[in-house]
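1. Next comes the sequence, and after it the predicted model I'd like to discuss.
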Amino acid sequence: MPELPEVETIKEGLKKVLLGKKIISFEILDTKRIKGNLNKIKNKKILGIKRRAKLLIIEFENKINLVIHLKMTGQLIYKDKKTKIAGGHQSEELFLEVPNKFTRVIFNLSPQSQLFYNDLIRYGEIRVLTKEETEKILKNEFGPEPFEDFSLDYFKNLVKKYKNSNIKKLLMDQKKIAGVGNIYSNEALFYAHINPKRKAGSLSEEEIKNLFKGILKALKIGIKYEGASIRNYVNHKGEKGKMQNFFKVYEREGKKCSCGGIIKKIQLGGRGTYFCPKCQK
């Protein structure tokens, strides 16, 4: 599913076209994708679009939010007379032609435009929440944002508190650090030269510091190149992201590392995990 850089990219694209618009009507084609009453946002102006962890949050003037989790195959497509942008995960069947058999919700906007929510495997969701309900969920379900309140001191304490946890699994725990998933945890551990099989408590002070920097570095590069298109993710322009061209270890099994070692793939917690046994100790 999209991680922080991918969702951040989609957010920035949607901000350019949705701010100031109103949802004048909607069509729910799959009731299971919606939690809450969409009538609460009808004829209300969109004031903001934010990202928290892997979530998109569309804020309306009456302090009601649409909280969208794209998950595995969710996709948002905006369309008007001149513009068509898309972001999320899609297969060839979902490529920019809307509506189609995978369209789950259609939002009709004023002035003349539409926002389509597509979902191939029907795993994502859209929640209608008050501002207070949104804040409560974000506080309870997610850790600090990497570029906001995520500090080295917080990370040091986290590692020490969960010293018996696997370090890669700890990085991917959304309640501990928001937005980091499988791709960027692999890359962050490479930058810090840390073997993903290690326990958190085995890391030295210097390694903790290097890993903190590695997390931020991996995410910054991901944002710079508008996300990673491993299989079917596209950015807000309906184009593939470029982060995959800059991977150091992820999906590079059997290839040479920059140190001369050979990148290996293992399974950790059911997730494909990539590292260089030579330089990640």
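-> Noted; the coordinates are in hand.

2. mind checking the longest helix of the protein?
-> Ranked by residue count, the top helix of the chain under DSSP state H comes out as helix 205-224.

3. how close does R33 get to L66?
-> Separation of R33 from L66 (Cβ to Cβ, to the nearest Å) stands at 12 Å. The C-beta positions use only the backbone N, C-alpha and C, and glycine is treated the same way.

4. Skipping adjacent residues, who's closest to R33 in space?
-> Nearest residue to R33, sequence neighbours excluded (Cβ to Cβ, 6 or more residues apart in numbering): R104, at 4.4 Å.

5. pull the CA atoms of whichever strand or helix holds the one you found into CSV?
-> Using DSSP states H and E, R104 sits within strand 103-110. Only the C-alpha atoms of strand 103-110 are listed here, as CSV (Å, rounded to 0.1, in the frame of the first residue of the first chain):
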residue,chain,number,x,y,z
THR,A,103,-15.4,2.9,-9.3
ARG,A,104,-16.9,2.8,-5.8
VAL,A,105,-17.8,6.4,-5.2
ILE,A,106,-18.3,9.4,-7.5
PHE,A,107,-18.2,13.0,-6.1
ASN,A,108,-19.7,15.7,-8.3
LEU,A,109,-18.0,19.0,-7.6
SER,A,110,-18.8,22.6,-8.3
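
6. Which positions within it qualify as buried?
-> Of all the residues in strand 103-110, those buried under the rule 16 or more other Cβ atoms under 10 Å are 103-107, 109.

7. what sits up against stretch 3-14?
-> Stretch 3-14 is contacted from outside by 2, 49-51, 53-56, 58, 70, 76, 78, 85, 87-88, 146, 178-184, 219, 222-223, 225-228, 233, 235-237, 241, 243, using Cβ atoms under 8 Å, 6 or more residues apart in numbering.

8. make it 7 Å
-> Residues from elsewhere that reach stretch 3-14 (Cβ atoms under 7 Å, 6 or more residues apart in numbering): 49-51, 54, 56, 76, 78, 85, 87-88, 146, 179-181, 183-184, 219, 222-223, 226-227, 233, 235-237, 241, 243.

9. Now do that stretch: distance to the chain's middle.
-> 7 Å (Cα atoms, centre = their mean, to the nearest Å).

10. pLDDT below threshold where in the stretch 51-200 of the chain?
-> For the stretch 51-200 of the chain, the stretches with pLDDT under 70 are 89-96.

11. The residue nearest to R33 against T31, yeah?
-> No. Assessed by Cβ atoms under 7 Å, R104 is found out of contact with T31, at 9.2 Å.

12. What are the boundaries of the strands in the stretch 1-150 of the chain?
-> 22-28, 34-35, 46-52, 55-60, 64-69, 74-80, 84-89, 103-110, 113-119, 125-130 (DSSP state E, counting those that start in this stretch).

13. buried sites along stretch 147-165?
-> Buried residues in stretch 147-165, counting neighbours by 16+ other Cβ under 10 Å, are found at 150, 155, 158-159, 162, 165.

14. got the end-to-end distance for it?
-> Start and end residues of stretch 147-165 are separated by 24 Å (Cα to Cα, to the nearest Å).

15. any idea how far it is from the chain center?
-> Relative to its parent chain, stretch 147-165 has a centroid offset of 21 Å by Cα atoms, centre = their mean.

16. Could you chop the chain up by domain?
-> In terms of domains, the chain is parsed into 4-141, 152-275 (source: automatic domain parsing).
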